[in-house]
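Asker: Sequence and predicted structure below; questions after.
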Amino acid sequence: MPLLQFRHLSLVAVVALGVWALQPPAKTEKKVEGGASAGMSRAGDRKYVIRVVPGLYMPGKRLNPGDPPIKAFRDVGDEFEKLHPDTKIEFVDAPVGQREWLVTQLTANQAPEIINVNVEDVWQDVQKGWYVPLDRYLEAPNPYVKPGEKGSREWWDMFRYQAISRSKAAPDGKMYCVTLDMIETGIFYNKSIFKKLNLSPPKDWEEFTRIQEKIQQAGYTPMLVGTGALADWGVDLIFDQLYRDIRPTLDVKKDPKRDVFYKGYLDWDELAFLNKKGFFTKNDPRWREVFRILKEWRRFMPKDLGATDMDREFIQGKGAMLWSTSIFVQRLTRDPRRSFDWGMFYLPPITKATSKYGGGYPQCIIGEAATQFTVTNAGISDTGNAETSEKLKRCVQFLQFATTPRSCDRVVNEMIAQMPNVVNVPDKPELAPFVENLERPYTTTKWVYTFDLRFSEIMNRMLYLYLADGVSEEEFMDWMVKNVDASIATVVRRKRLDLSPHERAWNELAPLRAQMEDLPSGAR
């Protein structure tokens, strides 16, 4: 799942941007430094035009000011066109992170053929026929590798992080995405400040708190992080820590295919069922505790969680720690204003010294799959049928070509940002700590991606007000309960969910629940 937060555009603005972004290219194309035009192929009209939204790897863009323009994916596209002269690859910089834009384009059959989008967003709409399942291609050989090499038997075999990649199957059991690389978060820290104050990375949350107190007393901002990260990563990681002991009784739907990596992951139907049993309400003490810990942690953060330029503050040495992703490593290694060495550690476990519900478990990961390519309904626009579409074959072939070791290495390792998900492609040495973290289990659920856009917007807005002392704890909990209730009602209605099958698993788990403490009254 990419981890960046976006401001939501108005629907009118989104539609206008979508129309502009997807207009045919002009006859004369402006060249950019480093080679090809900004994402567009230099070839003329071809039988198949495949528009690709590559996200971080958009040709012609710069990850940070001063970086050279990105060009590797354009080079890969050019090589693919030489192999398939009837095909034109166009790279499009489109706001797929904006759900309003995405839904508008997909509804009108105007979305690019291949998009990089969080697969959780895809899961929301698989019943609408907007996306093409890729299972039969993943289970067949990749034609761009030699016999005997990884991928020559099944395309699946080319992916390095097998558990993560294969567990990306949607709740309907089908696979809609190909994962090119991995991302993870981490706490970046200023080694000079830590050395000056005789500090080292914490072993648990209590020690983490003491470190931040000492940093604050020394006149630095201890933790640089914004509301968007707290609403996304913060809620999910703390939720996982506090619910870990009772997680077995929450898992009322088994899915062997997804449980390889997403073991016990809670989808919308499970959250809806559990909510009817009293979970995620004001009567659920663990739910309250998630936000209490966030509020307590907030005192170590900047006064304005929404406007402060966290990256700049850290680079300038004003903050001792920054919660960000592996993408930030590129800037850290190249920014001439940085005058200190840096390190990275993962968020520490929450023990009973901090909360009675803490078990001292190592934190789960929150990032994992980063660039997730999905083929939209535009990929079958030539026939409208996945079984007969030649255009779909070209879309899949391009993804197969892009995931060969040579292509993946050129694209992903053009910068120091994310970890390749293709075998025999090396990691950048600077990303070693993030690679180690990918061995951790995945989070229990993803709150900001599980329900609709309205849920995420309300959660972000009310959490900001709560952390800024704009609303009391009771007012905030009222909002959260109403938000969860409304979103569950919506998802049950839209997806026509039948929650009755979960009741049998729930009843079978009754003896296990009898041994657990502080469950909501409806859970007994």
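Answerer: It's in. Numbers count the residues shown, from 1 in each chain.
Asker: For G228, give its distance to G317.
Answerer: Going from G228 to G317 by CB to CB, to the nearest Å gives 24 Å. Placement of C-beta: from N, CA and C, glycine included.
Asker: more crowded one of these two?
Answerer: Taking other CB atoms under 10 Å, G228 and G317 do not tie; G228 has more neighbours (21 against 15).
Asker: okay but the more buried one is in contact with N460, surely?
Answerer: Yes - if you go by CB atoms under 8 Å, G228 and N460 touch, sitting 6.6 Å apart.
Asker: the helices in the stretch 301-450 of the chain, which residues?
Answerer: Taking DSSP state H, counting those that start in this stretch as the criterion, the stretch 301-450 of the chain carries its helices at 310-315, 328-334, 390-402, 405-412, 432-437, 447-450.
Asker: closest one to I115 among those?
Answerer: With distances scored as CB to CB, the stretch of the helices of the stretch 301-450 of the chain nearest to I115 is helix 390-402 (10.9 Å).
Asker: From the contact counts, what lies against the closest one?
Answerer: If you count contacts as 3 or more CB pairs under 8 Å, 6 or more residues apart in numbering; DSSP states H and E, helix 390-402 packs onto strand 48-53, helix 72-83, strand 87-91, strand 114-116, strand 372-375, helix 405-412.
Asker: For K446, which of these is the nearest?
Answerer: Among these, strand 372-375 comes nearest to K446, with 13.5 Å by CB to CB.
Asker: what is the mean pLDDT for that closest one?
Answerer: The average pLDDT for strand 372-375 rounds to 96.
Asker: Let me see the ranges of the strands in the stretch 351-500 of the chain.
Answerer: All strands of the stretch 351-500 of the chain, identified by DSSP state E, counting those that start in this stretch, fall at 368-369, 372-375, 419-420.
Asker: Need those strands in TSV (columns: distance to T444 and mean neighbour count).
Answerer: As requested, the strands of the stretch 351-500 of the chain are exported to TSV (distance: least, CB to CB, whole Å; neighbours: other CB atoms under 10 Å):
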stretch	distance to T444	mean neighbour count
strand 368-369	14	26
strand 372-375	20	26
strand 419-420	23	26
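Asker: how about these, which one is nearest F194?
Answerer: Comparing these by their distance to F194 (CB to CB), the top pick is strand 419-420, with 25.5 Å.
Asker: Show me what the closest one packs onto, helices and strands only.
Answerer: Packing partners of strand 419-420 (3+ CB pairs under 8 Å, 6+ apart): strand 181-183, helix 405-412.
Asker: just checking, what's the longest helix in this protein?
Answerer: The longest helix of the chain (DSSP state H) is helix 473-495.
Asker: what's near enough to touch the residue nearest to L266 when sequence neighbours are not counted?
Answerer: In this structure, L266 finds its nearest non-sequential neighbour in T445, 4.1 Å apart by CB to CB, 6 or more residues apart in numbering. Counting by CB atoms under 8 Å, 6 or more residues apart in numbering, T445 makes contact with 236, 239, 265-267, 271.
Asker: now do 7 Å
Answerer: Going by CB atoms under 7 Å, 6 or more residues apart in numbering, T445 touches 236, 265-266, 271.
Asker: Could you do W342 as well?
Answerer: Neighbour list for W342: 188-191, 332 [criterion: CB under 7 Å, 6+ apart].
Asker: ok, and the most crowded of the residues you listed?
Answerer: Top of the contacts of W342 by neighbour count (other CB under 10 Å): Y189, with 26 neighbours.
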